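Trainee: coords please:
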Amino acid sequence: MHEGTAARQDPSLARNTSIVVRQLRGPLEVAHEPLPEPGPRQVRIRVEAAGVSQADITIRNGMYPTSAPLPFTLGYDAVGRIDKLGSEVKHLREGQRVAAIVVRGAYTQYLCWDAEDVTPVPEGVEPSKAVCLLLNYLTAYQMLHRVAQVKGGEKVLVTSAAGGVGTALLQLGRLQGLEMYGTASTGKLELVRSLGATPIDYTREDFARRMRELVPGGVDVALDAIGGTNFNRAYSTLKRGGHFVAYGFTSAMNSPFWGRVDTFARYGWLMMKPDGRKATFYGIMFWKRDHPDWFREDLTALLELHRQGKLEPVVAGTLPLTEASRALEMLDTGKVQGKLVLDCTR
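Mentor: Numbering: from 1, shown residues only. Okay, here's the model as predicted:
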């Protein structure tokens, strides 16, 4: 008997498995709790896939811009089928597949979420592919189109180009007709090349110097997720009038306090630098809060591009929900190519 069916017949028969953080930087716990019940304007989602992201590591380490009381369930984004409707929800139906960005709470079998904040997923789209389009591809799409407002033929540098957001940027850039350059370690250069970009091995050469050789006049846009000294180096590759977009601070992960101070100080300096170039910080949770309509619109566009075969997310691997700790350890090594996904049905 399906767990959702069992829950409707007798709620005591069903339990919800979640991955819980009880102590920042501590071990993850596999918890088994009663099934959650949706509020009047919520839906309960039987989660099929949850994305594994750098943001999850940041949240687990207590370094995210917003905090949550302990304990909390980890997981930024989820795709699954609606299992139960709240009493006031009329525009959705049970069994419908939807996607949601929840920031915390996706590493679970069942999730209750605001019905107005989910996006329908077309039938035929695999959950593991759809969940890649949430955090990673939405971030990439909005940085290119909403922030930098790129135009075909422009030159764009992407650092960490073989990661989840990096591969999304390269694919979307190719669709837009951009001239893409991507930094990666030696073993990931072929992936970057296969996605239509010129690869640069940052482990063997100074990528900023190499970019100035490849594009003497400077690039139109540079996007960086690393932070720290990488901000200055990526910024230096811009032409006058170019746009630098920062969207992460992975270099600060091992220094909870000073890493953040250093990163934000460097970024703030770039924003005030009067040299004809522009710097913007993109944080998906802030943009989602301020422009919720953009998220539904942009995710719908991405899902349609995937359905048409124009966009193929790079799934690095799929692990069972209960192996979330191993997935985060794999991601933290820096060797993952593409996006790791948790299968929340097993």
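Trainee: where does residue 241 land in three-state SS?
Mentor: The three-state assignment at residue 241 reads strand, by DSSP: H, G, I helix; E, B strand; the rest coil.
Trainee: quick check: the gap between residue 209 and residue 245.
Mentor: As for residue 209, its distance to residue 245 is 21 Å (criterion: CB to CB, to the nearest Å). Quick note: C-beta positions are derived from backbone N, CA and C, even for glycine.
Trainee: between those two, which one's more packed in?
Mentor: Of the pair residue 209 and residue 245, residue 245 is the one with more neighbours under other CB atoms under 10 Å, namely 22 against 13.
Trainee: for the helix or strand encompassing residue 169, buried residues please.
Mentor: Secondary structure assignment for residue 169, by DSSP states H and E: helix 164-176. Under the neighbour-count criterion of 16 or more other CB atoms under 10 Å, helix 164-176 has 164, 165, 166, 167, 168, 169, 170, 171, 172, 173, 174, 176 buried.
Trainee: check which helices and strands it is in contact with.
Mentor: Packing partners of helix 164-176 (3 or more CB pairs under 8 Å, 6 or more residues apart in numbering; DSSP states H and E): helix 138-142, strand 155-158, strand 179-184, strand 339-343.
Trainee: who wins for proximity to residue 29 among the ones you listed?
Mentor: Ranking the helices and strands packed on helix 164-176 by proximity to residue 29 (CB to CB) places strand 339-343 first, at 15.3 Å.
Trainee: what lines up beside that closest one in the sheet?
Mentor: Sheet pairing for strand 339-343, assigned by DSSP bridges, gives strand 42-52 (antiparallel), strand 315-320 (parallel).
Trainee: now the last one: how far from the chain's centre is it?
Mentor: Its chain's C-alpha centre lies 15 Å from the corresponding centre of strand 315-320 when counted by CA atoms, centre = their mean, to the nearest Å.
Trainee: what's the angle between that strand and helix 164-176?
Mentor: Inter-element angle recorded for strand 315-320 and helix 164-176: 140 degrees (by axes from the mean of the first three to the mean of the last three CA atoms, to 10 degrees).
Trainee: which residues touch strand 315-320?
Mentor: Around strand 315-320, the neighbours that count as contacts under CB atoms under 8 Å, 6 or more residues apart in numbering are 49, 128-129, 132, 164, 326-327, 330, 336-343, 346.
Trainee: and residue 61, how many neighbours?
Mentor: A count of nearby residues for residue 61, using other CB under 10 Å, gives 15.
Trainee: ok, it touching residue 23?
Mentor: No - using CB atoms under 8 Å as the test, residue 61 is too far from residue 23 to be in contact (11.1 Å).
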